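Participant: Sharing a model that was predicted from the sequence below.
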Amino acid sequence: MSRIGNKPIMIPEGVEVSNKDGVITAKCGNTILTQTLHPAISVEMKDNQVFVKRDNDSKESRSLHGLMRSLINNMIIGVKEGFTKVLEVTGVGYRAQMDGNKLVLNVGLSYPVEIVQPEGITLTVENQNKITVKGADKQLVGETAAKIRGTRVPDAYKGKGIKYDYEVLRLKEGKTGA
């Protein structure tokens with residue numbers, strides 16, 4: 001029994017959800033997200049709610065039941081409110097800046113790292129050390145933030161690098177530490 005999969009998804013005002021030929025579409029304003037359903041999963045819509053059902057009790061359909069419900073829920077939240085990740089750049093001489101639709105990172109390498117802003121994602125830089133990644137697709141927002149962080153992961157000794165705003169670094173002592 002999937003506890004997450006059995007929960008109904010509330011559709012907020014202003015969001016249109018449709019199901020055609022196994023493809024779920026969520027739309028709010030000009031933001032549209034789509035998700036292809038697995039053949040073992042079906043979707044019913046009634047009374048401004050979406051119910052995710054599985055056709056049988058095979059191991060595969062049981063494992064996909066909660067996943068599909070979470071993906072549909074994330075689509076609805078994404079088109080209505082959007083998702084945000086905030087990254088902090090820490091280090092002497094480390095900085096970030098926008099150049100058109102490219103994010104340019106100077107993070108202690110011999111060359112500046114350029115990351116092109118993906119379609120559907122908005123990158124903003126505040127005072128050279130705070131990068132905000134916004135978008136409707138939760139997976140794409142997380143993937144873009146991880147790609148930016150991966151250019152210079154925080155150092156374990158000095159804490160220099162790019163980290164998430166909620167991330168807490170535990171610094172190691174150097175070799176002189178007793």
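Facilitator: That came through, no problem.

Participant: Just grab the bridge partners of the closest residue to residue 15 other than its chain neighbours for me.
Facilitator: The spatial neighbour of residue 15 that comes closest, neighbours along the chain excluded (C-beta to C-beta, 6 or more residues apart in numbering), is residue 28 at 4.7 Å. Bear in mind the C-beta positions are built from the backbone N, C-alpha and C, glycine included. Following DSSP bridges, residue 28 is listed with bridge partners residue 31.

Participant: For residue 28, give me the pLDDT.
Facilitator: Residue 28 is assigned 90 on the pLDDT scale.

Participant: Quick check: it touching residue 79?
Facilitator: Yes: here residue 28 lies in contact with residue 79, judged by C-beta atoms under 8 Å, at a distance of 4.1 Å.

Participant: Looking only at neighbour counts, state which of those two leads.
Facilitator: When neighbours are counted by other C-beta atoms under 10 Å, residue 28 and residue 79 differ, and residue 79 comes out ahead with 24 against 20.

Participant: how much space is there between residue 15 and residue 35?
Facilitator: Applying C-beta to C-beta, to the nearest Å, the value for residue 15 to residue 35 is 14 Å.

Participant: Comparing the two, which shows the higher neighbour count?
Facilitator: residue 15 (18 against 15).

Participant: give the contact list for the more buried one.
Facilitator: When contacts are counted by C-beta atoms under 8 Å, 6 or more residues apart in numbering, residue 15 touches 26, 27, 28, 76, 79, 80.

Participant: Cheers, nothing more for now.
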